[in-house]
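Sequence and predicted structure are below.
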Amino acid sequence: MGSIREVDLAIIGAGPCGLAVGAAAQKAGLTSVVFDRGPLCASLVDYPPYMKFFSTPEKLEIEGVPFVTSDANPTRREALAYYRGVARYFELDVRQYQETLAVDAGAEAFVLRTRTHAGAHEAWTARSVVVATGGFHEPNLLGVPGEDLPNVSHQYREAHPYWRQKVVVVGGGNSAVEAALELFRTEARVTLVHFASDFDSGVKPWLLPDIRNRVSAGEIAVRWRTRVAEIRPGSVVLREEEWGGVEELANDWVLALTGWRPEPRLLQSIGVPVDAGTGVPEHDPETMETPVDGVFVAGVLAAGLDANRIFIETGRLHGHRIVEAIRRGV
C-alpha cells in the first residue's frame, strides 16, 4: 500500500448525485475524490439503450452546466455524455472501478481503504465522507425455486433477443409495463404477472392507455393477484393469491422486474443507523448529515427501499446542502 492521500471530502458513488456533490465541493474550494466500484454513472449504463428520461434536461443539470439535447427528453446516451462532460468541466478526480472496502473514523479524519480493479490497495484520509451509492445494488428476489436458471433475468435492456419467444414479465411498475409493451411490439408472446389487482400507481400516465388497450385486446396476457411459485427450464408455475389456484405456463424467458434495493452495509459499518423496515439511513434532510459527525448521504440512497421518492432531479440538489453544512462546520 502506498502513501496515504488526503482530501477534504471523499465521495463514494460516481452517479449523477455523487458527481453533483463533487461539483459543489470544487466550486466551494474543497478538495475531493469520487470512488466507484464500477464505471461513471453505472446505473445509467445498465438502463435500456434506447431509454428516454421522464425529466427534461434542465432538471438533470448539475451546477449550472447546460444540458443540451436534441429532443424534449434526454436519451440515455445523451445523459452519459453530459455527465462525462460535467466530470471533465469540474476536473473531478473520479476513481472508477475502485471499491471502498472500509471507512474508519480517526481522531481528526476518516481513513478510507480502497481496492482498484487491478487489485492495488490504497488508503485515503478525508475530513468528511459522502455515501452516494444509489438504490440499485441488488434485485428484489422472488425467492422461488428456479430463480437462478439461465433463462431468468432481473434486468431488461431491449426486446430484440426475445423475438417470437414466450416471455413472462413479473411486476406492475414502469419497468415491467415498458418492457411488456416493447416485447409485444417485437412479436414476443408476453404474459404479465403481478401480485396486485392493477398496475402500480406510479406508472407513467402516457403508458397506461397503451398497456390497458393491449391487455383489453388480448395482445398482452395478464395474471392479476398472482405470484410466480416456481420457474422451470420450459415453464413457469403461477399461484393465484386469493384462492391458491396453480397454473403452469409454457415459457422461454422470465424477466423479474420487481425493483432493486440499496446496500446499507458500508453505512452501517461506519455506525450510521439504517431503518430495518424502510431502509432509510438516519439523516437530517436539511443537511444530509447522519448521526455520525462528518458522514453524509446523498441521492437515491437516502430514500431507502422507496426508490421512487428521490430521483436525479431532486438528489442532485443534495450536493449544495452537504457542502454548505461542511463549510458551516469548518
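Yep, that arrived. Numbers count the residues shown, from 1 in each chain.

pLDDT value on the nearest residue to Gly279 once chain neighbours are set aside, please?
Leaving aside its chain neighbours, Gly279 sits nearest to Gly304 (3.2 Å; criterion: Cβ to Cβ, 6 or more residues apart in numbering). Backbone N, C-alpha and C define where each C-beta goes, glycine included. Per-residue pLDDT puts Gly304 at 90.

gap between Gly304 and Val274?
Distance of Gly304 to Val274, computed by Cβ to Cβ, to the nearest Å: 8 Å.

before we move on, back to that, isn't the residue nearest to Gly279 right up against Val280?
Yes: with the criterion set as Cβ atoms under 8 Å, Gly304 and Val280 qualify as a contacting pair; they are 3.6 Å apart.

show me where the stretch 51-200 of the chain has helices.
In order along the chain, the stretch 51-200 of the chain carries the following helices (DSSP state H, counting those that start in this stretch): 76-89, 174-185.

what sits up against the last one?
Contact partners of helix 174-185, identified using Cβ atoms under 8 Å, 6 or more residues apart in numbering, comprise 48, 156, 158-159, 162, 167, 169-170, 190, 192, 194, 199-200, 202-204, 207, 210-211, 214, 219-220, 255, 257, 259.

out of those residues, which are buried?
Buried residues within those, counting neighbours by 16 or more other Cβ atoms under 10 Å: 48, 156, 159, 162, 167, 169-170, 190, 192, 194, 199, 203, 210-211, 214, 220, 255, 257, 259.

Would you mind listing the buried residues in the longest strand along the chain?
When secondary structure is assigned using DSSP state E, the longest strand within the chain turns out to be strand 121-131. Neighbour-count burial for strand 121-131 flags Glu122, Trp124, Thr125, Ala126, Arg127, Ser128, Val129, Val130, Val131 (criterion: 16+ other Cβ under 10 Å).

got the CA positions of stretch 292-309 in CSV?
Output of stretch 292-309 as CSV, limited to C-alpha atoms (Å, rounded to 0.1, in the frame of the first residue of the first chain):
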residue,chain,number,x,y,z
VAL,A,292,-22.0,10.2,12.7
ASP,A,293,-20.4,13.6,12.5
GLY,A,294,-18.9,14.2,9.1
VAL,A,295,-20.7,11.4,7.3
PHE,A,296,-23.4,12.3,4.8
VAL,A,297,-25.8,10.5,2.4
ALA,A,298,-26.8,11.8,-1.0
GLY,A,299,-29.1,10.8,-3.8
VAL,A,300,-31.4,7.8,-4.0
LEU,A,301,-29.7,6.0,-1.1
ALA,A,302,-31.4,8.5,1.2
ALA,A,303,-34.8,7.1,0.2
GLY,A,304,-34.0,3.6,1.4
LEU,A,305,-36.3,1.0,-0.2
ASP,A,306,-38.6,3.6,-1.8
ALA,A,307,-36.5,4.4,-4.9
ASN,A,308,-39.5,6.4,-6.3
ARG,A,309,-39.1,9.1,-3.7
